[in-house]
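Undergrad: Dropping the sequence and predicted coords here.
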Amino acid sequence: MAGKKRTASKNDATNATTSRSSRLTRSSAARSNVPEIYQQMLVEADVKPKATSSEPPLKRRRPGQRTERSPRKPDPPATTSKTQALQDEDEDEDEVQFEDVPLPSATLQKIYRDSDEEAEDADIQFEDVDFSFPHLNLDTTEDDNRDLELNFSARATASPRKGVDRRKPISKEEKNRRIEIHKMHLLCLLAHVSRRNRWCNDDTVQDTLRPLLNKKMVTYLNPGTHLSQFGRANSLKEGLQNVGTMYKTKYQITERGIRRALWAENEEHLQSYKLPDDAETPMEKSDFRDAAKSLCGSRDVGAQLYCALLRSAGVEARLVCSLQILAFATGGPPLGKPPKAKGNTSLAERFARQSKSNDTPGSPAESSSSVHRRLGHPNATAFHVPRIPTAPSSREAPPVPKKIRESPYPVYWVEILDEGHQKWQPADPLVTDSFWKPQKLEPPASDRENCMAYVVAFEADGTAKDVTCRYTKAYNAKTRKMRIESAETAGEKWWRKALQAFSRGFVQDLDQIEENELNAIRLREPMPRNIADFKNHPIYVLERHLRRNEVLVPNASASGTMGAGSSGPLEKVYRRKDVRIAHSMEKWYRMGQEVLPNQIPAKFLPKQTKQKTDLFDDDMVDDDGPNGTPIYTFDQTIQFKHPPVVNGRVPKNRFRNIDLYVPSMVPEGGAYVADELGARAAFILGVDYAPALTGFQFKGRQGTAVLHGVVVAAENEEAVRAVIAGLNDQAANLEKERRTREVLKAWRLFLMNLRVRQRIWADVDSEEEDNDEEDMDLDNSKAVAHEPDLDDEAQQSDDSNEAGGFMIDDDYAGGFMVD
C-alpha cells in the first residue's frame, strides 16, 4: 500500500508539474516586475507560505458564516530535485500574489479568574469597568418570532429632564404689600447705619484705635496747605495705603456680615429657618468698644472701625453702606430651603461612615490595587501591600479656622474727602483693597449675597447723602428699576422726604459740587445695549415701549438706532422729553381741559373688550368710530370754562347740577361752598344754587354720581357760609341738650337706688348688714353658676313672708286699711 501511495504521489507531482509549466512563463514575467528591494525584504522577513494544492481557491467567508474544515490528507514525501524545487518556489510566489489564501483560525487562549478584579486586567484604558451585566443569549432562533416592544417610560423616569423654574407673577395686591415692606425695611436700615455712624464718633473707640497710627501715617493723612493740589491728593492717597496695609494685617474677620435680604418661596421655609452659625451677633455700644480692642469681628464692623480710626486722625471720613434691601419685584433669587438638621448619630453609624470613607477610590488600598491591575500577571491584584503603622504624634494639630463664604464685594466702606480736588473718594482696605476706584465696588447682578440698589453715605455730623450714581455703571438702565422711584409715581418724593430726617438743614458749597458731579454722572451714562433696558428708562425710549396714552411729538428726531439681535430690524431711539401724554375728550373734560375744534387725533386707541371699572380711565371710553377712541395731547386743548354767573343765576346742566371735577371749572362770578349743609343754607336764604358733581362712585358696572357742596353766586357766598355756621351751632346745641338729658336720667336712677337701699337697711346694725350682704353675694354667685335660668318666683319662694325687706301684713294692702 505504501508503494502504491508513493507511486500515486509521483504521478500527481508529474501531472502538477506538467499543468503548471504553462504558467511558468507568466509567473517569471510577473516576478521580473517585482523590484529587488521587496524581494530582499521578503527574504529578511523569512516568509514561508504554505504549500498550495491543486484544488481551486476557497471563496471568501461571509461574516457570521461557519467554516467547515475538511479532513486533512497526509502530505506526500518530498522529492529532492532542482527542477521541482525551482517550480515549487515559482508556484509559491505566484500564489502569494494572485491567490486568496484563507487565514488560519485563531487559537483561543482560555484562563479562569479567581476574583472579579482580574476581569478588569484586559482593559486598555485601565478603568474600573463593571462586569456584572446580564447574560446575553446568543441563540436568536427563539426570539425571531417574538414581537418587538419599545418602552420609553423607563428612560424618561431614569433620567428626567430638569424643568425650567418659572415663578408665578405676583398680583397687584401682593406687589403693593411688597412695596410697603420695602419702604419699612429701607427706613429700618437707614436707622441702623445712622446708629453705627454715631458709634464711630465715640471717644472711647477712637482713643483705643489711635495708637495704631504712627507719626508718619498721621502726617501723610493731613497734608499741609503749602503743597500743591496734586501733592495734597498724592500725600493723602499714600497715607491711606499705608494705614490700609497695617489695618488689614491686624484686623481678623471671624463673623459673617450683612447679606442680601431675599423672599422665601414658602412660609414653611421661614418657620424652620435658622441663621448661620457664623452670623454676626447683635451688638451694643459696649460690644463695639470691645471689638475696637480685640480687632476682630465681621468685615462690616471692620469698615466701621476703619472709619473711626481715620476720624481719630482728623480725616474727613464718611461711612458708606450699600443697603441690602428686600426687593419689591420678582425675578430675584429665592431664599431657598433651610438645611436639614443634623441629628445625633450613633457609634455604629459613625463607624460605618468611616469604613465607607476608607473604601473610596482615593484611599491607599484602592490606589495600590489600581496599580496592580496594570501588571501583566493575573494574580497581581491578590497581593496586598503591607501598611506601615505610624507613631501617633504628641503635638496636636492647630484648629483650622472655618472659612467664611461671603460676597467678594463689600457692604460697608469709607469715603475720604480729597480737599485738593474737593471730591469724595472711596477706600476699602478689607475686601477689595482698593483706593480711589469706585467701579470696583459694584457687585454683578448674579451675586446672590450682595445687591447694590441704595448707597448712602453718612458724615460725622449725621448727614446722609444718596451716592448710588457714583458706584453703579448703569444707574438709569438697571439700578433705578430696583428702587422705589420706579415702583410708584410719588416714589422719588417719598425718598427725598425719608432723607430729610438726616439732612443738615442748609446747603454747603461742597454739597452743591457733589450734586453737580452726581448729575453729570447720570447724564454721561451711555445708551443701553439691549432692548430690555430701554423699558421705563428716564432718558431714552423705544416706540414699542410707549404706553397706550403716550405718543411722540410730531417730527421727533431719533437719537440713535437699536437692533433686536443680529437679524432683527433696527428701531429708532427717541428722547423721553419728546414723549407726550394723550387722553380722550372725556378724560380731558374731567381734567378741566377742552379739546380745540378741528384737531387731528394724535392716536387712536384700539377697541377694548374689558368692562368698565373706572370712569377716569381712557380704556373704558366708548369708541367714537371704527378706528377706535381718538386721543389728543395737551397742546391740542384749552382750559374749560362754564358760562358765567349772571344776576345771581348759576348755570346748570340737564340734571340740575354743575360739573366741578377740578377747581378751575368754577364758573366766573360764582363761588364753591364745599359743605354738606350748603344746599340747605342756600334754600333757607332763597338764593339760586347748583349742587356740585365732583365725581362718580362705581359698584360693579353701576356708577353713582357724587354730589358734594354747592355753587352759588359770589355775592351770596358769605351769607351762605354764615347760615351754615348757624346750622352747625344749632346742631351742636341740640346734641348738647340730648347728652344732658341722658346724663340727668342716669343720675336720677342712681339716686333712686340709693334711697331704696337706705330705707331697706335703716333699722339694721352694720355688722348684720355686712353679713347679710356677704350671704346675698354668695347666693347670687351660686345662682349664676348653677341656675342661670331660675324663675323670679323660685327666687322669692324662700322669703315668702317678706317683700322688699318689709313685713307683709294681711290687714294692710298698699299702705291702706282693708275694709
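TA: Cool, got the structure. Numbering: from 1, shown residues only.
Undergrad: Any stretches of the chain with poor pLDDT?
TA: 1-35, 38, 43-168, 336, 338-401, 608-625, 701, 769, 776-819 (pLDDT under 70).
Undergrad: and the gap between the residue lying closest to Ala556 once chain neighbours are set aside and Ala532?
TA: The shortest distance from Ala556 to any non-neighbouring residue, by Cβ to Cβ, 6 or more residues apart in numbering, is to Asp578 (4.2 Å). For every residue, glycine as well, the C-beta is placed using N, CA and C. The gap separating Asp578 from Ala532 is 21 Å, by Cβ to Cβ, to the nearest Å.
Undergrad: The two: which has the busier surroundings?
TA: Asp578 (16 against 10; other Cβ atoms under 10 Å).
Undergrad: Need the phi and psi values for that one.
TA: The phi and psi values for Asp578, taken as degrees, to the nearest 10, are phi -90, psi 10.
Undergrad: my guess is it contacts Pro554, does it?
TA: No - using Cβ atoms under 8 Å, Asp578 is not in contact with Pro554; the gap is 9.8 Å.
Undergrad: circling back: distance-wise, check the residue nearest to Ala556 relative to Thr561.
TA: In terms of Cβ to Cβ, Asp578 sits 16 Å off from Thr561.
Undergrad: Ser194 now?
TA: Taking Cβ to Cβ, one finds Ser194 at 47 Å from Thr561.
Undergrad: These two: who's more crowded?
TA: Ser194 (17 against 10).
Undergrad: Go ahead and report the secondary structure state at that one.
TA: The three-state label given to Ser194 by DSSP: H, G, I helix; E, B strand; the rest coil is helix.
Undergrad: Let me see the contact set for the residue nearest to Glu459 when sequence neighbours are not counted.
TA: Once flanking residues are discounted, Glu459 sits nearest to Arg318: 5.1 Å by Cβ to Cβ, 6+ apart. Residues in contact with Arg318 (Cβ atoms under 8 Å, 6 or more residues apart in numbering) are 307, 414-417, 424, 457-460, 465.
Undergrad: swap in Lys572?
TA: Contacts of Lys572 by Cβ under 8 Å, 6+ apart are 542-543, 558, 560-561.
Undergrad: Most neighbours of all the residues you listed, which one?
TA: Busiest of the contacts of Lys572 [other Cβ under 10 Å] is Leu542, holding 17 neighbours.
Undergrad: Touching, that residue and Gly560? I think so.
TA: No - Leu542 is beyond contact range of Gly560, at 10.6 Å (criterion: Cβ under 8 Å).
Undergrad: what touches both of these two?
TA: The contact sets of Leu542 and Gly560 overlap at 572-573 (Cβ under 8 Å, 6+ apart).
Undergrad: Narrow the contacts of Arg318 to just the buried residues.
TA: 307, 414-417, 424, 457-459, 465 (16 or more other Cβ atoms under 10 Å).
Undergrad: And Glu742, how close does it get to Arg483?
TA: 56 Å.
Undergrad: Among these two, which residue is more densely surrounded?
TA: Between Glu742 and Arg483, Arg483 has the larger neighbour count (other Cβ under 10 Å), namely 20 against 9.
Undergrad: Now tabulate the buried ones among the contacts of Arg318 in TSV and tack on secondary structure and distance to Arg590.
TA: Formatted as TSV, the buried ones among the contacts of Arg318 follow (DSSP: H, G, I helix; E, B strand; the rest coil; distance: Cβ to Cβ, whole Å):
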residue	secondary structure	distance to Arg590
Cys307	helix	55
Val414	strand	54
Glu415	strand	50
Ile416	strand	55
Leu417	strand	53
Trp424	strand	49
Ala457	strand	45
Phe458	strand	46
Glu459	coil	48
Lys465	strand	41
